[in-house]
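> From the sequence below, what's the structure:
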Amino acid sequence: MEYFVNCNTSTLVPYTNALSKEQVQHLYRRLGFSASIPTVNGQVGQNAGQLIDTLINQAINLPPIAAPPWATWNNSNYPADDDAAGAMVRAQRDEFSLAYTNSMLNNNLRERLSFFWSNHFVTELDVYDCNAFLYEYFNCLQRNSIGNFRTFVSEIGLTNAMLYYLDGVYNNGNNPNENYGRELYELFTLGDENGYTEDDIIETAKALTGYVERGELGCEAVTFDATAFNTETKTIFGQSGNWGYDDVINILFTERPNEIAEFICRKLYEFFVHPDSKEDFVNQNIIPGMAATFVANNFEIAPVLSQLFKSQHFFDDEAIGVIIKSPFDIYFNLIKETNFTYTDTTVATAVNYSDLLGQTLFDPVDVAGWQRDRQWINTNFIIGRWLTLLDIVDGFYQADEDQFRTFAMDAVGTANQGTSNPEIVVRAIVDKLTPKGMYTEQEFDNCMSAFKIDDIPEIYYGPDYIVGGQSLWVLNITPSVPQQVLLLIKHLSRQPEFQLK
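Below is the predicted model:
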């Protein structure tokens, strides 16, 4: 796998040209989990600003997943029998997993962002182990994913999942626990060793005390206990007072706005544009421009994303196909791009396979989260990607092989649905399933070989071999076409180009 250096020197000036098919596909792969051929074709030639405004507004206005019946349950709501209780807990988690992952497939930017933030404000379900807390946490992610970052930071720190995960529930006034205070600065807002001292962490931990009342039933919402709050004077970022939770957030965003903006904008850039944000041009022009927008808009997330997504920098050729797909990208992009009919079983299988490849839903690897990009490619994972994709593609074929012909016909467009030229078909499918096609002509020839199965003599292709006024191989007629498309997709799934978005 070739790793890409960030050579993008386009600016944040708005991109005003009509969008090409390649650019629309790039947009949907980055802002969501890709899109079908009809969706992409419907936006080709459109203005980037208008399309991005639409996608951002959809994300802002989309309600979170409705609360399930168990959203406020504690342990007393479950059966007394441990095996029965365990089975119910697992069923609820499976239910919520399907609800959320189906939302990921259907809701573009909002769910792309909520998933991104779950890897920023990390918690692990295995640690806090409560379904009600899981729903509350993801509800917070969805509501704030494209809202105000300051509000987001304030709310996420008081979710029960976070209070348990980073030991807030053990942060007593007479014995402060520094875990959340440290991660608040190091991972969530400022970055490692950026604008804070060890004393700031110690004093912040004291100000965050008191959220320790856990009830007696288990899996109960944490509440504030004033008797467990540290009432000493604390000095945070040079400001002294009897500070509490809300004061910490106010002081942080008042005293360190530029550091917060630079750190968060860099993470957004690396996730949506290029994993390398340290190149001189990006470091000196793009990140500062985004950060200035973030601060000027009082830490509203939408204006920063709007500026980035509408920019010449985002649509530059150097930005396309330079991020390695995560496991969820691998499976969900294939589902969306082929427009094959999928079921809850398909989605659950993709979630399970993502787990095998190191991306476990609701359980990032540690508090720092998945490191993304190059982490997803090693000897074991690349073989796992190949084998699991083959299984999912075979499942689509066994369910309905005709949809493979439909996919090919959609790819070539109406004018070519009766083509007898296999190169038109192969090139259209390759261009749909990879960001920039194949790197070399030899690689494209290999795709052609995968498509031209041995059962069909070479002479059957093209207009020179006609029986009864009809070529012997025709895309919309020949019975072997679905199998040929299947074999081509299987071949493509093993290629380096397919691993990129």
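
> Enumerate every residue touching Val347.
Neighbour list for Val347: 98, 101-102, 105 [criterion: C-beta atoms under 8 Å, 6 or more residues apart in numbering]. Glycine gets a C-beta too; all of them are placed from N, C-alpha and C.

> Mind putting those residues into a markdown table with neighbour count and secondary structure?
Below are those laid out as a markdown table (neighbours: other C-beta atoms under 10 Å; DSSP: H, G, I helix; E, B strand; the rest coil):
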| residue | neighbour count | secondary structure |
| --- | --- | --- |
| Leu98 | 15 | helix |
| Thr101 | 23 | helix |
| Asn102 | 15 | helix |
| Leu105 | 20 | helix |
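
> would a markdown table of these with pLDDT and distance to Ala221 be doable?
Listed next are the contacts of Val347 as a markdown table, based on pLDDT from 0 to 100; distance: C-beta to C-beta, whole Å:
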| residue | pLDDT | distance to Ala221 |
| --- | --- | --- |
| Leu98 | 98 | 25 |
| Thr101 | 98 | 26 |
| Asn102 | 97 | 27 |
| Leu105 | 96 | 31 |
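
> Specify which member of those residues is nearest to Leu190.
Within these, the smallest distance to Leu190 is 31.9 Å, found for Thr101 (C-beta to C-beta).

> what about that closest one, distance to Glu186?
According to C-beta to C-beta, to the nearest Å, Thr101 stands 30 Å off from Glu186.

> Over to Pro435?
Remark: distance between Pro435 and Glu186 (C-beta to C-beta) = 34 Å.

> Same question for Leu488.
In terms of C-beta to C-beta, Leu488 sits 47 Å off from Glu186.

> Looking at these two, which is more packed in?
Higher neighbour count among Leu488 and Glu186: Leu488, with 25 against 17, using other C-beta atoms under 10 Å.

> For the helix or strand where the more buried one lies, buried residues please.
In this structure, Leu488 sits in helix 481-492 according to DSSP states H and E. Of the residues in helix 481-492, 481-492 count as buried by neighbour count, 16 or more other C-beta atoms under 10 Å.

> Can you show me the strands along the chain?
Secondary structure of the chain, counting by DSSP state E: strands at 234-236, 239-241, 466-467, 470-471.

> rank these by pLDDT, which is bottom?
Lowest mean pLDDT within the strands of the chain: strand 466-467, at a mean of 56.

> quick one, what contacts the nearest residue to Tyr164 once chain neighbours are set aside?
Leaving aside its chain neighbours, Tyr164 sits nearest to Tyr128 (4.0 Å; criterion: C-beta to C-beta, 6 or more residues apart in numbering). By C-beta under 8 Å, 6+ apart, Tyr128 lies in contact with 134, 160-161, 164-165.

> Measure how buried Ala84 is and give me the count.
By other C-beta under 10 Å, 11 other residues sit near Ala84.

> Please report phi then psi for the residue lying closest to it once chain neighbours are set aside.
Once flanking residues are discounted, Ala84 sits nearest to Tyr78: 7.8 Å by C-beta to C-beta, 6+ apart. The phi and psi values for Tyr78, taken as degrees, to the nearest 10, are phi -100, psi 160.

> Determine the set of other helices and strands touching the helix holding Leu488.
helix 379-399, helix 402-412, helix 422-433, helix 441-451 (3 or more C-beta pairs under 8 Å, 6 or more residues apart in numbering; DSSP states H and E).
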